[in-house]
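Asks: Okay, here's the prediction I keep looking at, along with the sequence it came from:
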Amino acid sequence: VENVPFCHELSAIVLRHQGIGIDALSTLIVMFGLSSIIVGVVFYLLGKLELGRIVYFFPTHVLIGCIGGIGVFIAKTGVEVTIDETFSMENIMDKFHLFRVVLLFEIVLRILEQVTKDKDGKPKYTLLSPIYFCLMTPIFYAVLAIFKIPMVEAEEAGYFFPALDQGEDGGSESASSASFWGSIFGDPHLWDMWTVVDFPSVSWLAIWDSIPTLVALTLFSLIHVPINIPAFSLSTSTEVDMNNELIAHGYSNVAAGVFGGLQNYMAYTQSVLYDKSGGTGKPSGLAVAVVTSLLFFVGPTIASFIPRCMAGTLLLHVGLDLFLEGVYDSYGKFDPLEYFGIWLIVVVMTLYGMEAAMIAGVIAAVSTYAVQSVAYLSPIRGSMSAATLRSSMRLRDLHAQSILNSPTDGRSRILVIQLQGHLFFGNMAHFTSSMHSLVRQNVSSEMAPVVIIMDCSLVLGIDSSAAQAITKLKDALLKKYKVDVCIFVTGSDEGFPTSFSLSDQLSANQHFSTTSDAYLNGLEQVDEDKALLSRAAQVEHAARHKRQFTGSHVFNSLDDALIFAEDALIWRKNPSLLDDASESNLSNRFLSQYGTTGGSATNNFLLNDEKELGIMYLTNICPVYMKEGDTEYLFSLFQREVYQQGQFVWKQHSPSDSMKLLIFGMLIAELENEAGTTETISKGNTIGETGLVNNSPRMSSVRCLSEEAIVYSMSRQTFEMLVEARPHIARYIDLICINYLQSRVQHVSNRIFETRCLPI
């Protein structure tokens, strides 16, 4: 029905080119068929390319509003069919004798539906409505017979649809006197739709001029499927594969177009009636198709024998059901703004039609989203001091650790603020005022923050207005509130979720990204291991390299941001701790000697440096109260091992038969059952100590990531001998496990605002 105006426009184009005649009719039918084929091809491509997800851009309350609006439209059509006039109170009152019959049938049906419901409020007899509608015609004829009302009088009063020959010849022959079978098979115009087409007489110039209209008709036809199918899915509580539905619509429209038919799509009203009548499965669907095909031949003729009240009651009943489903059943299930949007769509569709209702639906959806984003979702998820947070940089110098643990100069001077949701113009006023209030509250305290970290990991989108507001906020934090360092976290290697150059604006001082853009852009395909190795090396270099710990900076992860913030606190008290001289000189000497030997550390000088470096790493890992000489003895129990790139140190689920201390190179741990879950292991770390202590299988696979890795390994046999001979030294292995697990529990990724990993 909604496509009829486009059909009128196509007819007008043909009339302008060919006037009235059989040639014009031939061109028009070709246009109709061509438009259906185009619609079918578009439907098929959308489904084949799996673009059915576009339906999810229609919010539920918009679909519910469309259901209610369609219900009003159907009910209004039912009244117009009943009175054979346009809908108005004056016309209804003039022909109330027709409308009251429909009202009577509708009231009786509603009563029957109410009294036949079960205790759960569901209908006991799904076929009640279709049987009732089928019985309406014989009941009407029975009433005419009981009250001895002639058929001619009933026809003249408007209780029946007019016969076809009345429209053609202007005659007054009644429907009852017409030859039923003769009117079906004796009609010479029954096959005109296919015999009238003559391709040589088709005006291709008219078809060329109709292309804009055909495109508009195609786009308009595409509107209904994303609305009708999800709406029917909601009405029947059925999951739907939208891609399959689009492909099916493509086949049906192409088939119709080949035979000159009009566009078609799932009719929501008839589908709801079909479902409420118990229709399900292919047999019932094929039965409907067969009956519909028969109606092509007999429908125009038998329509004159069916009373108007039957069609009017059917339309009125279905329309009221849809209207009640849209505005009554949905009451209390949506918030006030969404419910107002439902009524808005219903009213607009009733007064101005489907196109205007779609515009109203878009306005309602956007308005609801904007208001709900402001009213229900604060852009600030929470804020907290970093006093109990820990980064992955756990192997720091003892002096550096004492600074970070200081109640006056340590991590308590770091303020972490986490943002969430969509940051856009609608919530920027609230965001800005909340941020200023939060910062003022913390700056005015005795423990004013030195570093502020703003984490955008949970931010889904940032528009240009929000991006500019964040840039201004950065300037206010640095200049107005005198914060030494502002750190912004993007949450991904792709940067902030905005097209605005926010990273450049926020890192006016320096931009320390954990991904090497130059490295990645220099290669057409970057090996995953090389990318991980490059990233880890940059993080380690950034953590140790002296740089300007003031101004604004951007990082891709909260962990990297916290490492930088910790370095900033250490740098304020003792910059030399960020580049420990003894460790740096020893590492550089070791690497220099290692390079001159061609990658083989075999001479005694290099082995001595290697062991000295290992003892230094082990000292950083072990507890501070470790007795003198215990570290050297413990390290003497480790045996040297060398692994080449790609070689596995151990496989997941293998027995835990050793713990290892990484002296040189880099390893990577991988979980076999979780795609993409990896963690790099840098020098100075131990691995496998937990499995060694509690004798559990390996929880991950570990392999060499660098060209070569040097590790020192303690076997299970050695560990068990140590437990027997010197249990106080074996106890250090237990404490290493505890310190490691503590750092895991308190890592920032586990402790940000919501956690069950509290430092109890």
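Replies: It's in. Numbering: from 1, shown residues only.
Asks: Which strand runs longest in the protein?
Replies: The longest strand of the chain (DSSP state E) is strand 451-462.
Asks: now the residue lying closest to residue 460 once chain neighbours are set aside, what's its secondary structure?
Replies: Take residue 460 and drop its neighbours on the chain: the residue closest to it by CB to CB, 6 or more residues apart in numbering is residue 422, 5.3 Å away. All C-beta atoms are positioned from the backbone trio N, CA, C, and that covers glycine. Using DSSP: H, G, I helix; E, B strand; the rest coil, the three-state assignment for residue 422 comes out as strand.
Asks: Next, count neighbours for residue 422.
Replies: Residues contacting residue 422 under the criterion other CB atoms under 10 Å number 18.
Asks: The longest strand of the chain: what's the following helix or strand?
Replies: Per DSSP states H and E, the first helix or strand lying C-terminal to strand 451-462 is helix 464-475.
Asks: any idea of the mean pLDDT for that following helix?
Replies: Averaging pLDDT along helix 464-475 gives 89.
Asks: now the strands: where do they sit in this protein?
Replies: Under DSSP E, the chain gives strands at 380-385, 414-423, 451-462, 485-489, 551-555, 639-644, 648-650, 658-664, 667-670, 678-681, 686-687, 701-704, 708-715.
Asks: For stretch 712-731, what is the distance to the chain centroid?
Replies: Relative to the mean C-alpha coordinate of its chain, stretch 712-731 is positioned 53 Å out (CA atoms, centre = their mean, to the nearest Å).
Asks: quick one: buried residues of it?
Replies: Residues of stretch 712-731 classed as buried: 712-714, 718-719, 722, 729-730 (neighbour count, 16 or more other CB atoms under 10 Å).
Asks: Distance across that stretch, terminal residue to terminal residue?
Replies: From its first residue to its last, stretch 712-731 covers 19 Å (CA to CA, to the nearest Å).
Asks: Please apply the same query to stretch 549-562.
Replies: Using CA to CA, the end-to-end distance of stretch 549-562 comes out at 13 Å.
Asks: What residues of it count as buried?
Replies: Buried positions in stretch 549-562, judged by neighbour count with 16+ other CB under 10 Å: 549, 551-562.
Asks: Stretch 334-349 too?
Replies: Buried residues in stretch 334-349, counting neighbours by 16+ other CB under 10 Å, are found at 334, 337-349.
Asks: same check, this time on stretch 99-107
Replies: Here stretch 99-107 shows 99, 101-102, 105-106 as buried, counting by 16+ other CB under 10 Å.
Asks: repeat for stretch 119-136
Replies: Buried positions in stretch 119-136, judged by neighbour count with 16+ other CB under 10 Å: 123, 128-130, 132-133, 136.
Asks: before we move on, back to that, in a markdown table: the buried residues of stretch 712-731, plus pLDDT and distance to residue 318.
Replies: Listed next are those as a markdown table, based on pLDDT from 0 to 100; distance: CB to CB, whole Å:
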| residue | pLDDT | distance to residue 318 |
| --- | --- | --- |
| 712 | 94 | 80 |
| 713 | 94 | 78 |
| 714 | 94 | 79 |
| 718 | 94 | 83 |
| 719 | 93 | 79 |
| 722 | 92 | 83 |
| 729 | 89 | 85 |
| 730 | 90 | 81 |
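Asks: Going by distance to residue 67, which of these wins?
Replies: The shortest approach to residue 67 among these belongs to residue 713, at 68.9 Å (CB to CB).
Asks: what's across from the closest one in the sheet?
Replies: residue 639, residue 660 (DSSP bridges).
Asks: ok, now which ones touch it?
Replies: Counting by CB atoms under 8 Å, 6 or more residues apart in numbering, residue 713 touches 638-641, 658-661.
Asks: 10 Å instead, please
Replies: Listed by CB atoms under 10 Å, 6 or more residues apart in numbering, the contact set of residue 713 reads 637-641, 649, 657-661, 687-688.
Asks: Now, of these, which are buried?
Replies: Buried subset of the contacts of residue 713 (neighbour count, 16+ other CB under 10 Å): 637-638, 649, 657-661, 687-688.
Asks: Looking at the residues you listed, which two lie furthest apart in space?
Replies: Across these, no pair lies farther apart than 637 and 649, at 18.5 Å, counting by CB to CB.
Asks: thinking again about what came up before, tabulate the buried residues of stretch 549-562 (a markdown table), appending pLDDT and distance to residue 30.
Replies: Converted to a markdown table, those look like this (pLDDT from 0 to 100; distance: CB to CB, whole Å):
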| residue | pLDDT | distance to residue 30 |
| --- | --- | --- |
| 549 | 84 | 76 |
| 551 | 89 | 71 |
| 552 | 91 | 66 |
| 553 | 92 | 67 |
| 554 | 93 | 61 |
| 555 | 92 | 64 |
| 556 | 89 | 59 |
| 557 | 88 | 62 |
| 558 | 88 | 64 |
| 559 | 87 | 66 |
| 560 | 88 | 66 |
| 561 | 91 | 66 |
| 562 | 90 | 70 |
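Asks: Any chance of those residues in a markdown table with distance to residue 438 as columns?
Replies: Formatted as a markdown table, the buried residues of stretch 549-562 follow (distance: CB to CB, whole Å):
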| residue | distance to residue 438 |
| --- | --- |
| 549 | 23 |
| 551 | 21 |
| 552 | 18 |
| 553 | 20 |
| 554 | 21 |
| 555 | 21 |
| 556 | 24 |
| 557 | 23 |
| 558 | 18 |
| 559 | 23 |
| 560 | 23 |
| 561 | 18 |
| 562 | 19 |
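Asks: between those residues, which is nearest residue 118?
Replies: Each of these was scored against residue 118 by CB to CB, and residue 558 proved nearest at 55.8 Å.
Asks: ok so, going back, which parts of the longest strand of the chain are buried?
Replies: Within strand 451-462, the residues that count as buried by 16+ other CB under 10 Å are 451-457, 459, 462.
Asks: Identify the spatial nearest neighbour of residue 654, chain neighbours not counted.
Replies: Nearest residue to residue 654, sequence neighbours excluded (CB to CB, 6+ apart): residue 698, at 4.9 Å.
Asks: returning to what we had before: can I get the buried residues of stretch 119-136 in JSON lines including distance to residue 492 and pLDDT?
Replies: Formatted as JSON lines, these follow (distance: CB to CB, whole Å; pLDDT from 0 to 100):
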{"residue": "123", "distance to residue 492": "52", "pLDDT": "78"}
{"residue": "128", "distance to residue 492": "57", "pLDDT": "83"}
{"residue": "129", "distance to residue 492": "54", "pLDDT": "83"}
{"residue": "130", "distance to residue 492": "56", "pLDDT": "81"}
{"residue": "132", "distance to residue 492": "60", "pLDDT": "88"}
{"residue": "133", "distance to residue 492": "58", "pLDDT": "87"}
{"residue": "136", "distance to residue 492": "64", "pLDDT": "90"}
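Asks: Residue 481: which of those residues is nearest?
Replies: Using CB to CB, residue 123 comes nearest to residue 481 of those, at 66.3 Å.
Asks: Excluding residues flanking it in the chain, which one is nearest the closest one?
Replies: In space, and not counting its chain neighbours, residue 123 is closest to residue 117: 5.8 Å by CB to CB, 6+ apart.
Asks: My guess is the one you found contacts residue 124. True?
Replies: Yes - using CB atoms under 10 Å, residue 117 is in contact with residue 124, at 6.7 Å.
Asks: what residue of the chain is the furthest out?
Replies: Computed with CA atoms, centre = their mean, the residue of the chain farthest from its C-alpha average is residue 148, at 65.4 Å.
Asks: Tell me the span between the first and last residue of stretch 197-206.
Replies: In stretch 197-206, first residue to last residue: 15 Å (CA to CA).
Asks: For it, buried residues please.
Replies: For stretch 197-206, a neighbour-count test (16+ other CB under 10 Å) marks 197, 201-203, 206 as buried.
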